[in-house]
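>>> only the shape, not the letters, is given here:
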């Protein structure tokens, strides 16, 4: 793995908390990772591990009650003269002009639910044209022409007619393609795909993933792919971040994560993938227990109550740090302490 | 789409017909008829009417015939646009109602305008700034608005304006001397100047309710994924809210047109008595007590027709603003 180029986006010690009457939910609690140009970073974890909140934190569109408490989100931008400047998105006000200029133009987002992610009151064309004109000084007719081209690019048949339809008139697969077209409308550098295929059936899923790969090659996109599906990660990702309760427990290149997982949680996640080679009628491996309630996080390593290699007196008292393991892998577990 | 409109229209006609039957039956339900209450009225003032005279009166109004014959005769009159005689006044119903119906519609529309113009921004504010100080303030106000009967509000307002501001003439819809003038611009202007107070009093409870509806709708819509999509594009927050969730929350808001109208008219009877407004409210009240079939029937029927028209208009508006309704219909054809 030669990662000679510099990361386009670096998340450092990101903490996003939700303040609620019942207490503070630490949805993201010190996550750090890098995204490199033209590569795909997969973020995996069970539901509620903070994957989506991480994505929304990067765009600063966290739901009401949530706030970035600490950390940096560093976006590297070319200034034109061969130099780079680095902008910390976490320092920008979410509704400020500068934050809005980056959101949707340099970093775009596609969602899990293509059905409800479009307004049923506006045609898909209206919503794409809005996105185009928000970041580019073009006329309505030019934007419309551009929108039709985008729809054609993502493989929508008869785009000049589809543009005037409403989202509820399109199939799930088409809707997700329109979503991708809208996200790409202002040539983003980074595309965040939050469970882009979860709501689709398997064949459509494969088509959408293929489309994403093809667009990545054409445009040199960096993709952050958020999913709980290890199969999708294996197919798409170059690098993997494994999250558990808002923390990164392990990260590294996809081959090493799959072939030499270090963290007990990663190992168990991989063991719970159904395999076509498994003997019939053998029970699928599961991870014992369930994710703790966000209001009472376990002390120490958040995974210790479910961990088969739990070391009493250590894991439930101290919090492990991410430490380098091997060439490119990092893991946060006391088993690998020097 | 056209067939949908036609279906709605026919359904409206059917509803009006059903309303005539129910109106007729309900008016006939109390024991006795117009003549018995007329006799009781005269007796209380010392006049005695002989049985033959009473019988003659009954025959004159057709009250001695079976109920279905009375209904058929009444319907026949209605269809001809002749609403019959107002028994108590011994004058044609049309003359007794006069411009009161139009005035009722104007007052009610003013109340609806007051409701909408205020309820929309307050509801949006309360939802967007949920649990803020302002939201609590408006929540308190709307519960007070729902809880206080509007005639109470009218009485308090009358008292306060008389006692502390020395305004004598808060009630009524016209300045003294204007009421009997023929219609013309000065009279219309005079009425417009008198409209706000009755409109506010009659509309207060409705407004409070619509604020709650708007707030609840918008809170639902704000949680939907398409709002996040709009934000993720980089749209400014105010634009996000105005274009997407507010638009979606308007749906139930518009369907309030249909039902708020009869609610306003029936709710305004006592207010009209207190504020001496020349609406049909007080007339209906008296006609019902006198068991005057023609007068009360006509008023109730006109109100039913207005309600059906209101619902029809709100259906058309919904069809216009909500593509799901438009295309849902195309699919069903």
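Received it, and whenever you're ready, just let me know what you need. It should be emphasised that the depicted structure is a prediction, and the values quoted were computed from it without experimental measurement.
>>> so which bits of the stretch 101-250 of chain B are right by chain A?
Taking Cβ under 8 Å from any Cβ of the partner chain as the test, the list of the stretch 101-250 of chain B residues beside chain A reads B:130, B:224-226, B:228-237, B:243-244, B:247-248. No exception for glycine: its C-beta is placed from N, CA and C like everyone else's.
>>> would you mind listing which of these are buried?
The neighbour-count criterion (16 or more other Cβ atoms under 10 Å in any protein chain shown) marks B:224-226, B:228-235, B:243-244, B:247-248 among these as buried.
>>> from these, which ones fall inside strands?
Of those, none are assigned to strands by DSSP state E.
>>> where exactly do the strands run in the stretch 51-200 of chain B?
If you assign secondary structure with DSSP state E, counting those that start in this stretch, the strands in the stretch 51-200 of chain B sit at B:85-86, B:91-92.
>>> on contacts alone, who are the packing partners of the first one?
Here strand B:85-86 is seen to pack against strand B:91-92, helix B:93-97, helix B:293-321 when contacts are counted using 3 or more Cβ pairs under 8 Å, 6 or more residues apart in numbering or on different chains; DSSP states H and E.
>>> would you turn those into TSV with mean pLDDT and mean neighbour count?
Compiled in TSV, the helices and strands packed on strand B:85-86 are given as follows (pLDDT from 0 to 100; neighbours: other Cβ atoms under 10 Å in any protein chain shown):
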stretch	mean pLDDT	mean neighbour count
strand B:91-92	86	13
helix B:93-97	86	19
helix B:293-321	87	20
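>>> now these as a markdown table including distance to residue A:138?
Supplementary listing: the helices and strands packed on strand B:85-86 in a markdown table, determined by distance: least, Cβ to Cβ, whole Å:
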| stretch | distance to residue A:138 |
| --- | --- |
| strand B:91-92 | 68 |
| helix B:93-97 | 60 |
| helix B:293-321 | 28 |
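>>> quick check: the residue of chain B nearest chain A.
Among residues of chain B, the one nearest chain A by Cβ to the nearest Cβ turns out to be residue B:234. It sits 3.5 Å away.
>>> touching, that residue and residue A:136? I think so.
No: contact between residue B:234 and residue A:136 fails when scored by Cβ atoms under 8 Å: they sit 11.6 Å apart.
>>> spatially, which two of the buried ones among the residues of the stretch 101-250 of chain B next to chain A are the most separated?
In these, the most distant members under the criterion Cβ to Cβ are B:234 and B:248, with 20.8 Å between them.
>>> one step back: just the ones of the residues of the stretch 101-250 of chain B next to chain A in helices?
B:225, B:226, B:228, B:229, B:230, B:231, B:232, B:237, B:243, B:247, B:248 (DSSP state H).
>>> ok, back up a step: may I see the strands of the stretch 51-200 of chain B organised as a markdown table, with distance to residue B:308 added?
Formatted as a markdown table, the strands of the stretch 51-200 of chain B follow (distance: least, Cβ to Cβ, whole Å):
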| stretch | distance to residue B:308 |
| --- | --- |
| strand B:85-86 | 24 |
| strand B:91-92 | 25 |
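>>> residue nearest the middle of chain A, spatially speaking?
Within chain A, the residue whose C-alpha comes closest to the C-alpha centroid is residue A:226; the distance, by Cα atoms, centre = their mean, is 3.5 Å.
>>> for the helices and strands packed on strand B:85-86, which one sits closest to residue B:47?
Closest to residue B:47 of those is strand B:91-92 (Cβ to Cβ; 20.8 Å).
>>> ok, residues contacting that closest one?
Contact with strand B:91-92 is made by B:82, B:83, B:84, B:85, B:86, as judged by Cβ atoms under 8 Å, 6 or more residues apart in numbering or on different chains.
>>> can we see that at 6 Å?
residue B:85 (Cβ atoms under 6 Å, 6 or more residues apart in numbering or on different chains).
>>> that strand: partners in the sheet, and parallel or antiparallel?
Sheet pairing here is set by DSSP bridges, and for strand B:91-92 it gives strand B:85-86 (antiparallel).
>>> please list the residues outside the strand it pairs with that contact it.
With Cβ under 6 Å, 6+ apart as the test, strand B:85-86 has contacts from B:92, B:93, B:96, B:294, B:295.
>>> could I get the average pLDDT for it?
Summarised as a single mean, pLDDT over strand B:85-86 is 82.
>>> if we can go back for a sec, tell me which of the helices and strands packed on strand B:85-86 sits nearest to residue B:122.
With Cβ to Cβ, the closest approach to residue B:122 among the helices and strands packed on strand B:85-86 belongs to helix B:293-321: 20.9 Å.
>>> which strands or helices does the closest one pack on?
Counting contacts by 3 or more Cβ pairs under 6 Å, 6 or more residues apart in numbering or on different chains; DSSP states H and E, the secondary-structure elements packed against helix B:293-321 are helix B:2-28, helix B:93-97, helix B:245-274, helix B:280-289, helix B:323-332.
>>> check the stretch 201-338 of chain A for the residue nearest chain B and tell me.
Shortest the stretch 201-338 of chain A-to-chain B distance, computed as Cβ to the nearest Cβ: residue-wise this is residue A:224, at 13.2 Å.
>>> wait, doesn't that residue sit right on residue A:41?
Yes: counting by Cβ atoms under 6 Å, a contact exists between residue A:224 and residue A:41, whose distance comes to 5.1 Å.
>>> list the residues that contact both of the two?
Contact with both residue A:224 and residue A:41 is made by residues residue A:35, according to Cβ under 6 Å, 6+ apart.
>>> list the contacts of the closest residue to chain B within the stretch 151-300 of chain A.
Using Cβ to the nearest Cβ, the single residue of the stretch 151-300 of chain A nearest to chain B is residue A:166, 5.1 Å away. Residues near residue A:166 by Cβ under 6 Å, 6+ apart: A:123, B:323.
>>> now do the contacts for the residue of chain B closest to chain A.
A:100, A:103, A:104, A:134.
>>> restrict those to those near chain B?
Of the entries in these, those that also sit close to chain B under the rule Cβ under 6 Å from any Cβ of the partner chain are A:100, A:103, A:104, A:134.
>>> rewinding a little: could you dump the helices and strands packed on helix B:293-321 to JSON lines with distance to residue B:300?
Output for the helices and strands packed on helix B:293-321, formatted as JSON lines (distance: least, Cβ to Cβ, whole Å):
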{"stretch": "helix B:2-28", "distance to residue B:300": "5"}
{"stretch": "helix B:93-97", "distance to residue B:300": "12"}
{"stretch": "helix B:245-274", "distance to residue B:300": "10"}
{"stretch": "helix B:280-289", "distance to residue B:300": "7"}
{"stretch": "helix B:323-332", "distance to residue B:300": "31"}
